[in-house]
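Student: I'd like to go over a predicted model; first the sequence, then the structure.
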Amino acid sequence: MIEAGRLNVHFGDNQVVHNVSFSVAPGETFGLVGESGSGKSTVLRCLAGLVDSWDGTLRIDGQQLGHKRDRAFFRKVQMVFQDPYGSLHPRQTVDRILAEPLAIHGVPDAETRITRALEEVALPRTARFRYPHQLSGGQRQRVAIARALIADPSVLLLDEPTSALDVSVQAEVLNLLADLRQARQLTCILVSHNLAVVGHLCERLAVMQGGRIVEILSEQQLRAGQATHSHTRDLIALSHELEG
């Protein structure tokens, strides 16, 4: 469903992604993990059409992507950002936030879809006519997830979707994403610096360092401690220290 081949990204004279290649099967959730500045979010933004200073090959569902994307692409591919407060318009109610993508894509029966979207992400009906500042961080991220899914995409790109949330809320949002992925048969890429988060949702993951993929592991290999690259082993050790 998703392919990246020899992807390179430059910001001016600075190359931030080097020769990155991976593929994601239909219905799979694939993780990109690494420290801040490793290039993982930049790869995601290239796929989402938010960065155009790249070369290489990107494909979604067999279709090669150019630097400019059409409306059909944005109905098929949606993204959930790290900061739910920053990604939601502060002067729009939840109702308008959810209605806007339906209007853009010409999707009928907005009333039914908005009601269903709120139910899917376990938000009360009373949240519909509230503004983002009237919601908790976890509720705002649920609105962002509902907005991404309301036009029925097949690919969901997740950029650190729980890192801005309280620890007590993170597990709830991760479980919600796992349930939605299974119910909708979504293909997902999850970017995170947290190996525990990646291990919770992803069947496979790529470890990035300095703009390069240094290792690709299955979730089973990760749990069994079968990493071969020193950077991956360092990340695993750090994860165990944080858990302890």
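Tutor: Alright, I've got the coordinates.
Student: please name the nearest non-neighbouring residue to His67.
Tutor: Asp52 (4.2 Å; CB to CB, 6 or more residues apart in numbering). Yep, even glycine has a C-beta here, placed from its N, CA and C like the rest.
Student: and the residue nearest to the spatial centre of the chain, backbone torsions?
Tutor: Centroid-nearest residue in the chain, with CA atoms, centre = their mean: Leu158, separated by 0.8 Å. The phi/psi pair for Leu158 (degrees, to the nearest 10) reads phi -120, psi 110.
Student: heads up, I number from 47, so please use that
Tutor: Okay, residue one is now 47; in that scheme the one you just asked about reads as Leu204.
Student: the residue nearest to His113 touches Arg115, doesn't it?
Tutor: No: contact criterion CB atoms under 8 Å: Asp98 and Arg115 do not qualify, at 9.7 Å.
Student: looking at those two, which one has more neighbours?
Tutor: Arg115 (16 against 12; other CB atoms under 10 Å).
Student: my guess is that one is in a helix, correct?
Tutor: No: applying DSSP: H, G, I helix; E, B strand; the rest coil, one finds Arg115 to be coil, outside a helix.
Student: give the contact list for Ala156.
Tutor: Shown in contact with Ala156 (CB atoms under 8 Å, 6 or more residues apart in numbering): Ala145, Leu148, Ala149.
Student: the first one against Ile160, yeah?
Tutor: What that stands for is Ala145. Yes: applying CB under 8 Å, one finds Ala145 in contact with Ile160, separated by 6.5 Å.
Student: okay, and the helix or strand of this protein with the least pLDDT?
Tutor: helix 276-289 (a mean of 78; mean pLDDT, DSSP states H and E).
Student: what residues of it count as buried?
Tutor: Judged by neighbour count (16 or more other CB atoms under 10 Å), helix 276-289 contains these buried residues: His277, Thr278, Leu281, Ile282, Ser285.
Student: swap in stretch 133-144?
Tutor: Buried residues in stretch 133-144 (16+ other CB under 10 Å): Ser133, Leu134, Thr139, Val140, Asp141, Ile143, Leu144.
Student: closest one of those residues to Thr233?
Tutor: Ser133 (21.2 Å; CB to CB).
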